[in-house]
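[1] Attaching a predicted model along with its sequence, questions to come.
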Amino acid sequence: MTGADLLFDPVRLAADDRHGLLPAAATAGAQVRATAEQVAALGELSRPRALVVVGARAETTGALVAACATSAAAPIIAVPRLPGWIGPLDVVVVLAAASDDPIAARAADTAQRRGATVVVRGATTGPVAAAAPAGLIVPAIGAPEALAESGRCTVVAAVAAALGLLPAPDWAAAADLLDAIALACHPQSEPFVNPALALAAAMSAGVPLLVGADPVADAVTRHAETVLAEVAGVAAGRITSAIAMASPVALRRAAAARDLFADPDDAPRMQPVLVSAPDLASGEFDVPVGRALRQALPGAFAVSTDDLGSDAQRSMTEPGVPTPAAAAPDPLACVLGLVSRFDFAATYLALTLGSLPLYDGPDGLARRGSARTGVRAAVVDPTPSREPDDDWR
């Protein structure tokens, strides 16, 4: 059994996950809890001229957080390298990509010398740690950096909240939501309640074309494009909501009906994936751009935040028992939930294609031996017969 058929064989999925990708993806909730506590220990921060996020992955992480801070009193800027104008009025968050990341080490050192307030997320040893100030955040939960977006977002969002640029998130609720999503995405979950399996199966039908329906979804598609490439080796296309509405040529091609008699050696078909999030001002999902894109892409696989809570709640409800109404998560929890769903989907695609070890697995920037230790007992296994620190799978 190979390819997409493997998605519906939980025994083979678990057996083929030799590099622990599924347990790493399941640590998202634990990453949020541990990181929020670490940033809270830094104390109070004064409102800056700008919050600048620096690092190889900063633009993706910064976009995810900035999408939730549309009314911030100061800009949130994400750049791969430290800008020349940084000074004492700025706060700089440096996101290291590795323990020996020279760009991150140089950015942390330069920002300190210019008098900026600096927070660094990096390993406990290496040039980044040597250049880091007292505000060094070492990941407490081990996971490869490709599957640590929840931890990076929590660092930036927690700093932004401490600066008054973002409403204080409910970290416990966000982490609980991610734990519930991890349980719903467990390979033993039935396919009809496993949102990651459904998404992975859809994306395996062609070249994924990620289409954002709003600014928040645009940031999520940027992360999805990255995690699909890094974890599964799948090159996906990406179209922002603005480009989709201004230039519909790609949408017309993506919406074309599939020819059942087409030569399989022809160019592969596109599989559109439409991502949407609620309007932050009104909380409504059915905004004009989203309606127009759904009409333009009737065959698109829809991924939205309006079912995050219901999918997760159904996974924890006994069969035959009505699912209670779930409270709508806040914007950051919505973003993290969508990030987690794409992380799991990319992991499942990696398993169907033959998973390869990630360069920094299994612990990433965390201390050696910390991988998978933060998965909560409820996520490990809902039955009481196993110990909480058994492997998630």
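    Okay, I see it.
[2] which residue ranges form the strands in the stretch 1-150 of the chain?
    51-54, 76-79, 91-95, 117-121, 136-137 (DSSP state E, counting those that start in this stretch).
[3] Dump those strands to a markdown table, plus distance to D218, mean pLDDT and mean neighbour count.
    (Each C-beta comes from the backbone N, C-alpha and C, glycine too.) Formatted as a markdown table, those follow (distance: least, Cβ to Cβ, whole Å; pLDDT from 0 to 100; neighbours: other Cβ atoms under 10 Å):
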| stretch | distance to D218 | mean pLDDT | mean neighbour count |
| --- | --- | --- | --- |
| strand 51-54 | 17 | 98 | 28 |
| strand 76-79 | 14 | 96 | 20 |
| strand 91-95 | 20 | 97 | 30 |
| strand 117-121 | 24 | 96 | 27 |
| strand 136-137 | 27 | 94 | 24 |
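[4] E37: which of these is closest?
    When those are compared by Cβ to Cβ, strand 136-137 sits nearest E37, at 10.3 Å.
[5] helices or strands up against that closest one?
    Under the contact definition 3 or more Cβ pairs under 8 Å, 6 or more residues apart in numbering; DSSP states H and E, strand 136-137 sits against helix 28-40, strand 117-121.
[6] Most tightly packed of those?
    Burial of those is given as mean neighbour count (mean count of other Cβ atoms under 10 Å); strand 117-121 ranks first at a mean of 27.
[7] And the helices in the stretch 1-150 of the chain?
    With helices called from DSSP state H, counting those that start in this stretch, the stretch 1-150 of the chain shows them at 10-16, 21-25, 28-40, 58-66, 102-113, 127-131, 149-162.
[8] err, the stretch 151-300 of the chain, not the other one
    Chain-ordered helices for the stretch 151-300 of the chain, with DSSP H, counting those that start in this stretch as the definition, fall at 171-184, 195-203, 215-227, 241-246, 249-254, 288-296.
[9] Out of those, name the one with the poorest average pLDDT.
    Lowest mean pLDDT within the helices of the stretch 151-300 of the chain: helix 249-254, at a mean of 76.
[10] May I have it exported as PDB, CA atoms only?
    The C-alpha trace of helix 249-254 is given here as PDB (Å, rounded to 0.1, in the frame of the first residue of the first chain):
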ATOM      1  CA  VAL A 249      -6.400  33.700 -14.500                       C
ATOM      2  CA  ALA A 250      -4.900  31.100 -12.000                       C
ATOM      3  CA  LEU A 251      -8.300  30.700 -10.400                       C
ATOM      4  CA  ARG A 252      -9.900  29.800 -13.800                       C
ATOM      5  CA  ARG A 253      -7.300  27.200 -14.400                       C
ATOM      6  CA  ALA A 254      -7.600  25.800 -10.900                       C
END
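[11] which helices and strands does that helix pack with?
    Using 3+ Cβ pairs under 8 Å, 6+ apart: helix 249-254 touches strand 207-212, strand 237-239, strand 270-276, helix 288-296.
[12] quick one: contacts of it?
    L209, V211, G237, I239, A244, M270, P272, L293, A296, L297, A300 (Cβ atoms under 8 Å, 6 or more residues apart in numbering).
[13] What residues are bridge-paired with the fourth one?
    The residues paired with I239 through beta bridges, assigned by DSSP bridges, are V211.
[14] closest to P195 out of the helices of the stretch 1-150 of the chain?
    Of all the helices of the stretch 1-150 of the chain, helix 21-25 comes closest under Cβ to Cβ, at 12.8 Å.
[15] which helices and strands sit right next to that closest one?
    helix 331-353.
[16] Rounded mean pLDDT for the helix it packs on, please.
    95.
[17] list the buried ones in it?
    Using 16 or more other Cβ atoms under 10 Å as the test for burial, helix 331-353 gives 331-352.
[18] where does that helix sit relative to the chain's centre, distance-wise?
    6 Å (Cα atoms, centre = their mean, to the nearest Å).
[19] Dump it to PDB, restricted to CA.
    Taking C-alpha atoms only, helix 331-353 is exported to PDB below (Å, rounded to 0.1, in the frame of the first residue of the first chain):
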ATOM      1  CA  PRO A 331      -7.900  35.300  16.700                       C
ATOM      2  CA  LEU A 332      -4.600  34.000  17.800                       C
ATOM      3  CA  ALA A 333      -6.100  30.600  18.800                       C
ATOM      4  CA  CYS A 334      -7.700  30.500  15.300                       C
ATOM      5  CA  VAL A 335      -4.300  31.100  13.700                       C
ATOM      6  CA  LEU A 336      -2.500  28.500  15.800                       C
ATOM      7  CA  GLY A 337      -5.300  26.000  15.100                       C
ATOM      8  CA  LEU A 338      -5.000  26.400  11.300                       C
ATOM      9  CA  VAL A 339      -1.200  26.200  11.600                       C
ATOM     10  CA  SER A 340      -1.500  22.900  13.600                       C
ATOM     11  CA  ARG A 341      -3.900  21.500  11.000                       C
ATOM     12  CA  PHE A 342      -1.500  22.100   8.200                       C
ATOM     13  CA  ASP A 343       1.400  20.800  10.200                       C
ATOM     14  CA  PHE A 344      -0.400  17.500  10.700                       C
ATOM     15  CA  ALA A 345      -1.500  17.400   7.000                       C
ATOM     16  CA  ALA A 346       2.100  18.000   5.900                       C
ATOM     17  CA  THR A 347       3.300  15.200   8.200                       C
ATOM     18  CA  TYR A 348       0.700  12.800   6.800                       C
ATOM     19  CA  LEU A 349       1.800  13.700   3.200                       C
ATOM     20  CA  ALA A 350       5.400  13.100   4.300                       C
ATOM     21  CA  LEU A 351       4.500   9.600   5.500                       C
ATOM     22  CA  THR A 352       2.700   8.700   2.200                       C
ATOM     23  CA  LEU A 353       5.700   9.800   0.200                       C
END
